[in-house]
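1. My questions are about this predicted structure, shown below with the sequence.
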Amino acid sequence: MKKIYYLFFSLLLIIFSGCEKFLTHDNPTDVDDETWWNTEANITAALNSIYAGIPDGSSGRQLMFLDALSDNAVARQSLRGDYESYVKGLQGANWGVGTGIWDDDYRDIRRANRFLENIDRAYMPVEKLKNQYLAEARALRAYYHMELSMFFGGITIMKQSVTPAGSYLPRSTAKEVYDFVVSELTECANSGALPNKYIDNVDLKRMSAATCWGLISKFALYNKDYERAKNAAKKIIDMGDYSLRKSTTIKTSYADLFLYTGEINNERIFFREITSGGNQWNTFAPQGTGGKTVVSPTASMVNAYETKQGKTLAELGPDSLAIYTKEPNYKNNRDPRLIASVILPGSTYTGVVLKPFEAGLDKLGDQNSTATGYWINKYLDPKDKTGTRTLDYMIMRYAEVLLNYVECLVELNDYSNPDVVKYLNEIRNRAGMPNVNTAVYNTQEKLRELVRRERRVELAFEGVRYYDIRRWEIFEQVMNGQVYGAIDPATNQPVNVEVRSAKANRDMVWPIPQKELLANPQMTQNPNYN
């Protein structure tokens, strides 16, 4: 059924690509608006087109690449969007990644505005469906504004479509964008037009009330509006419609979540359908297995995982620390989320023994090979080596919502609330980790430390860490200096991968694209960009 839907949706996009003018131009030359917008079928096609900008894992919008802008990973690519130039301090107003996202988001915002302005032209006999469509379009428009603001800060709020001549609008402040997005998403969530969760599998990917509350929680957390973020996350928890996915055996509960085995689950709240697998093998897979490696985990990421006893590497004695640094999964005694998320040197993957420190296709540093000695395992399914590559990608899942809620309780000085330990234990236990050691983690400072570590390992390579290190104001601390990889057995020293340079007074927001500055006299550049 999924493949049939995929073929149908692909055909729809091909057909609809010829009708793009009806979404981006006010005066089509061959068919006027009155003709185009008068059927429910065209309205449905127009709504579906607004979903085009929803990010993917490693294709299109490459959400997983955001981890290469953090201390979790490094990227090596040319035609895939130059994420490395940003973290090395070489970015500017002509940075292709920033320009691409700016263009994509505003294109989809315009599609949403055109949809909202014209939907009343069509005869839609089912009022409930029309109201749902209106709420979906507004929620999507809010989401694209949210994404722009989280990258660029203050941006121009677009509540209606404008002609090129009327597009010379100034930037709104980041606070104004935040208020607009939260207001829109709240109205959509409370409207009754959107279900908490869709029942039909075909519709699961659509904007729901839970998606709206989840986005509010994420955006409010980013803006340190902890009370609002907490309440939004609690809305989803109280729905009772979502839960952490668990297998019959704890061993595979977490790992299978990102494979075809666990693809259909009760944890995903917002996801991109049938796209992630298409490019995974040529983004993360070892070259020796027939893939390409574009993004590689850092030693900092690998060393963040606890032992199975709940001990951090920093809590171990010097002898044990040396062992786990050299052989991260020594005696299979690390948090199971490590090997579910990272492929380690010496591992056997699809029948190939990976030897990054020896001559061969997987030699460290070679083109299309690992840059650190490690590989990303999350969302890498061996079936994609020769299969159809249709794995879904989760943009937001229930575990993130629980972590949002718990962090808000800690930051609001309600760290003794039993929900803190309750939900941390649920997340840890699902992965096969022990309960929180409350003898150690019983103050706001210690629980903050634990929550931040749990967010890092639970959500590794899911595009979350980059936002976290900026809002926690540790961006400059973790993004400067030498980046290390795996231990080279010949020298017993970690690989020197690269030296990074980050400036908090500039890099907390991206540069406004140069072409936008040239096209719009009222547009201003972010501070400290030449």
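-> That came through fine. Numbering: from 1, shown residues only.

2. does M396 sit in a helix or strand, and which one?
-> Element membership for M396, per DSSP states H and E: strand 393-397.

3. Give me the distance between that strand and the centre of its chain.
-> Relative to its chain's centre, strand 393-397 lies at 7 Å (C-alpha atoms, centre = their mean, to the nearest Å).

4. Quick one: mean pLDDT for that strand?
-> On average, the pLDDT along strand 393-397 is 95.

5. immediately after it, which helix or strand?
-> With elements assigned by DSSP H and E, the helix or strand that comes after strand 393-397 is helix 398-411.

6. Output the below-cut-off pLDDT ranges for the protein.
-> The model of the chain has pLDDT under 70 over residues 1-31, 77-81, 89-90, 163-166, 275-278.

7. ranges for the strands of it?
-> Listed in chain order, the strands found in the chain under DSSP state E are 73-75, 268-272, 295-297, 342-343, 348-349, 352-353, 375-376, 393-397, 481-488, 493-500.

8. would you put the C-alpha positions of the strand holding M396 in CSV?
-> Provided in CSV are the C-alpha atoms of strand 393-397 (Å, rounded to 0.1, in the frame of the first residue of the first chain):
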residue,chain,number,x,y,z
TYR,A,393,12.3,10.2,8.5
MET,A,394,11.0,11.5,11.9
ILE,A,395,11.3,15.2,12.3
MET,A,396,9.7,15.1,15.8
ARG,A,397,9.0,12.1,18.0
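
9. what angle separates that strand from strand 268-272?
-> In terms of direction (axes from the mean of the first three to the mean of the last three C-alpha atoms, to 10 degrees), strand 393-397 departs from strand 268-272 by 150 degrees.

10. quick one: buried residues of strand 393-397?
-> Y393, M394, I395, M396, R397 (16 or more other C-beta atoms under 10 Å). Quick note: C-beta positions are derived from backbone N, CA and C, even for glycine.

11. ditto for stretch 187-200
-> Of the residues in stretch 187-200, C188, A189, S191, A193, L194, N196, K197, Y198 count as buried by neighbour count, 16+ other C-beta under 10 Å.

12. In the stretch 101-250 of the chain, what residue spans correspond to helices?
-> Remark: helices assigned in the stretch 101-250 of the chain by DSSP state H, counting those that start in this stretch are 127-152, 174-190, 209-222, 226-239, 250-253.

13. before we move on, the earlier item: looking at the strands of the chain, which is closest to A322?
-> Ranking the strands of the chain by proximity to A322 (C-beta to C-beta) places strand 481-488 first, at 9.4 Å.

14. With just CA atoms, put that closest one into PDB.
-> Taking C-alpha atoms only, strand 481-488 is exported to PDB below (Å, rounded to 0.1, in the frame of the first residue of the first chain):
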ATOM      1  CA  GLY A 481      39.300  24.300  18.800                       C
ATOM      2  CA  GLN A 482      40.500  20.900  17.800                       C
ATOM      3  CA  VAL A 483      37.900  18.200  16.700                       C
ATOM      4  CA  TYR A 484      39.000  14.700  17.400                       C
ATOM      5  CA  GLY A 485      38.100  11.300  15.900                       C
ATOM      6  CA  ALA A 486      38.800   7.700  16.800                       C
ATOM      7  CA  ILE A 487      42.000   6.500  18.400                       C
ATOM      8  CA  ASP A 488      44.700   5.600  15.800                       C
END
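
15. What is it packed up against?
-> helix 299-302, strand 493-500 (3 or more C-beta pairs under 8 Å, 6 or more residues apart in numbering; DSSP states H and E).

16. Could you pull up the residues touching E40?
-> E40 makes contact with A122, Y123, M124, P125, according to C-beta atoms under 8 Å, 6 or more residues apart in numbering.

17. circling back to that earlier point, among the helices of the stretch 101-250 of the chain, which is the most enclosed?
-> helix 209-222 (a mean of 26; mean count of other C-beta atoms under 10 Å).

18. so that helix versus strand 393-397, what angle?
-> Here the directions of helix 209-222 and strand 393-397 differ by 70 degrees (the same axes, to 10 degrees).

19. Which strands and helices lie in contact with helix 209-222?
-> Counting by 3+ C-beta pairs under 8 Å, 6+ apart, helix 209-222 packs on helix 127-152, helix 174-190, helix 226-239, strand 268-272, strand 393-397, helix 398-411, helix 465-471.

20. Adding distance to Q482 as columns, could you present the ones you listed in TSV?
-> TSV is the format used below for the helices and strands packed on helix 209-222 (distance: least, C-beta to C-beta, whole Å):
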stretch	distance to Q482
helix 127-152	27
helix 174-190	33
helix 226-239	34
strand 268-272	35
strand 393-397	32
helix 398-411	29
helix 465-471	17
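
21. among these, which is nearest K363?
-> Nearest of the helices and strands packed on helix 209-222 to K363, taken as C-beta to C-beta: helix 465-471 at 27.7 Å.

22. which strands and helices sit next to the closest one?
-> Against helix 465-471 (3+ C-beta pairs under 8 Å, 6+ apart) you get helix 209-222, helix 444-458.

23. redo that, cut-off 6 Å
-> Contact analysis of helix 465-471 by 3 or more C-beta pairs under 6 Å, 6 or more residues apart in numbering; DSSP states H and E lists no helix or strand as a packing neighbour.

24. Show me what counts as buried in that helix.
-> Buried, per 16+ other C-beta under 10 Å, within helix 465-471: R465, Y466, Y467, D468, I469, R470.

25. Next one: Q525 from Y466, what distance?
-> Per C-beta to C-beta, to the nearest Å, Q525 is found 21 Å from Y466.

26. Please apply the same query to F271.
-> Counting by C-beta to C-beta, the gap from F271 to Y466 is 19 Å.

27. Next: V74.
-> Computed as C-beta to C-beta, the V74 to Y466 distance reads 13 Å.

28. can you check D108 too?
-> D108 is 21 Å from Y466, by C-beta to C-beta.

29. what about the closest residue to R506 other than its chain neighbours, how many residues close to it?
-> Nearest non-adjacent residue to R506, counting by C-beta to C-beta, 6 or more residues apart in numbering: N528, 3.8 Å away. Residues near N528, counting by other C-beta atoms under 10 Å, number 11.

30. Could you report the distance from N528 to V342?
-> To V342, N528 is 35 Å away according to C-beta to C-beta.

31. got a list of what the one residue sitting closest to the centre of the chain touches?
-> Centroid-nearest residue in the chain: G463, 3.6 Å away (criterion: C-alpha atoms, centre = their mean). Applying C-beta atoms under 6 Å, 6 or more residues apart in numbering to G463 gives the contacts L63, M64, L66.

32. And it, how close does it get to M396?
-> 10 Å.

33. One more: D56?
-> Counting by C-beta to C-beta, the gap from D56 to M396 is 14 Å.

34. just G57 next, same as before
-> G57 is 13 Å from M396, by C-beta to C-beta.

35. Right, I'll leave it there.
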